[in-house]
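**Q** 3D model of this:
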Amino acid sequence: MSTIAFLGLGVMGAPMAAHLARAGHRVTAYNRTAARAEEWKAALSREGLEVATAPTPAEAAHGKDAVLACLGNDDDLAQVVLGDGGALAAMRDGALFVDHTTVSPALAKRVAARAQELGLLAVDAPVSGGQAGAENGRLAIMCGGGQPAMAAATPVMEAYAARIVHVGEAGAGQACKAVNQVCIAGTLAGLSEGVRLAQASGIDTGKVLEAISGGAAQSWQMDNRWETMVRGEFDFGFAIDWMRKDLAIALAQAKEAGASLPVAALVDQLYAQVQNDGGARQDTSALVRHLPEVKP
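**A** Residues are numbered from 1 along each chain as shown. Coordinates of the predicted model:
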């Protein structure tokens with residue numbers, strides 16, 4: 001059993017922190033909206049689990065074996081973990097910091113460098129699998145950091161992971177997550193056009209799904225989003241706002257590396273259209289909204 005601070009109780013962080021408590025760790029949580037932290041604590045209390053909350057990141061992190069974060073973006077992470085009032089400065093020597101936020105590789109490297117200065121272990125460990133993966137404890141985690149940090153982090157992350165892959169040194173986890181998001185964007189673009197083509201052709205969309213999901217077209221997005229896309233249901237899942245944040249990281253990474261991402265750049269602009277039409281907080285599968293539904 002470890003003492004763990006978890007920073008950020010959003011749709012991903014809250015279930016991840018809960019899995020840690022269920023695994024027997026002693027968890028103290030921090031969330032910028034304190035009421036959400038108290039709701040999370042009360043929900044686990046109803047399960048018979050004792051957890052704690054703290055009013056600041058530093059107080060949550062003080063003296064813990066490990067500090068984990070799942071926040072919104074680069075600015076959020078920098079504010080919460082760096083600087084004199086941040087979590088890193090409050091951690092004890094030799095403790096572990098794991099960041100599950102999707103941020104730029106540059107910030108991941110900066111956090112790792114600061115952690116090394118303070119005598120801490122650090123892993124950048126963005127996740128894939130969405131809200132359902134977090135709730136079911138079945139996330140895929142891509143990690144950057146040294147071997148000692150990975151050895152310390154892996155038993156902790158196993159509480160909510162289906163797959164943990166050590167990609168490389170600091171920043172490599174975030175670079176891998178950018179690849180992940182680019183692949184998802186392309187898949188959703190094709191899936192959106194496939195849904196609209198099936199509808200326009202007047203064929204049974206359920207039968208289409210049954211037929212093509214058993215072949216080369218199959219994907220997680222098809223299995224989990226085809227039917228809701230057909231029904232026009234999008235008020236759940238991973239928000240377009242966050243996807244555009246992630247694609248901005250990927251496009252900047254590509255520019256720095258000299259890589260070309262024309263499809264990702266196009267999908268990003270299509271997402272901007274859906275944002276402007278009121279879909280900013282809808283699931284990424286709402287990309288289909290940029291295509292009109294044609295009746296046969």
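
**Q** Could you work out the end-to-end span of stretch 153-170 for me?
**A** 14 Å (Cα to Cα, to the nearest Å).

**Q** How about that stretch, which residues are buried there?
**A** 153-154, 156-157, 159-161, 164, 166-167, 170 (16 or more other Cβ atoms under 10 Å). For glycine as for every other residue, the C-beta is placed from the backbone atoms N, C-alpha and C.

**Q** In the residues you listed, find the pair that's most separated.
**A** A159 and A170 (23.0 Å; Cβ to Cβ).

**Q** in the stretch 101-250 of the chain, which spans are strands?
**A** With strands called from DSSP state E, counting those that start in this stretch, the stretch 101-250 of the chain shows them at 121-124, 127-128, 139-144, 161-168.

**Q** quick one: which of those is nearest D235?
**A** Closest among the strands of the stretch 101-250 of the chain, using Cβ to Cβ: strand 127-128, at 21.3 Å.

**Q** Quick check: which ranges of the stretch 151-296 of the chain have low pLDDT?
**A** Applying pLDDT under 70 to the stretch 151-296 of the chain picks out no residues at all.

**Q** Do you have the helices of it handy? List them.
**A** 172-201, 205-212, 220-231, 240-257, 262-274 (DSSP state H, counting those that start in this stretch).

**Q** Point out the most buried one among the ones you listed.
**A** helix 172-201 (a mean of 20; mean count of other Cβ atoms under 10 Å).

**Q** before we move on, the earlier item: just send the strands of the stretch 101-250 of the chain back as JSON lines, with distance to K245 too.
**A** Shown next, in JSON lines, are these (distance: least, Cβ to Cβ, whole Å):
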{"stretch": "strand 121-124", "distance to K245": "16"}
{"stretch": "strand 127-128", "distance to K245": "15"}
{"stretch": "strand 139-144", "distance to K245": "17"}
{"stretch": "strand 161-168", "distance to K245": "21"}
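
**Q** To D84, which of the ones you listed lies closest?
**A** Using Cβ to Cβ, the nearest of those to D84 is strand 121-124, at 18.1 Å.

**Q** Give me the contacts around the closest one.
**A** 94-99, 103, 105, 108, 111-112, 115-116, 143-146, 148-150, 152-153, 170-174 (Cβ atoms under 8 Å, 6 or more residues apart in numbering).

**Q** Report the distance from that strand to the chain centre.
**A** 16 Å (Cα atoms, centre = their mean, to the nearest Å).

**Q** try stretch 64-71
**A** On Cα atoms, centre = their mean, the centre of stretch 64-71 falls 15 Å from that of its chain.

**Q** which parts of that stretch are buried?
**A** 64-71.

**Q** Could you point out which of the strands of the stretch 101-250 of the chain sits nearest V195?
**A** strand 127-128 (22.3 Å).

**Q** What pairs with that closest one, parallel or antiparallel?
**A** Its sheet considered, strand 127-128 pairs with strand 139-144 (antiparallel) by DSSP bridges.

**Q** Output the strand it pairs with as PDB, restricted to C-alpha atoms.
**A** What follows is strand 139-144, C-alpha atoms only, in PDB (Å, rounded to 0.1, in the frame of the first residue of the first chain):
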ATOM      1  CA  LEU A 139      -6.800   2.400 -20.100                       C
ATOM      2  CA  ALA A 140      -3.800   2.200 -22.500                       C
ATOM      3  CA  ILE A 141      -0.900   4.200 -21.000                       C
ATOM      4  CA  MET A 142       2.100   5.400 -23.100                       C
ATOM      5  CA  CYS A 143       5.100   6.400 -20.900                       C
ATOM      6  CA  GLY A 144       8.200   8.500 -21.100                       C
END
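
**Q** Taking strand 161-168 as reference, get the angle to that strand.
**A** With axes from the mean of the first three to the mean of the last three Cα atoms, to 10 degrees applied, the angle from strand 139-144 to strand 161-168 works out at 20 degrees.

**Q** what's in contact with strand 139-144?
**A** Residues contacting strand 139-144 (Cβ under 8 Å, 6+ apart): 16, 100, 105, 108, 112, 123-129, 133, 150, 153, 157, 160-177, 180.

**Q** Enumerate the positions of that strand that are buried.
**A** Those would be 139, 141-144, for strand 139-144 by 16+ other Cβ under 10 Å.

**Q** what's the answer for stretch 130-140, then?
**A** So stretch 130-140, judged by 16+ other Cβ under 10 Å, has buried residues 130-131, 133-135, 137, 139.
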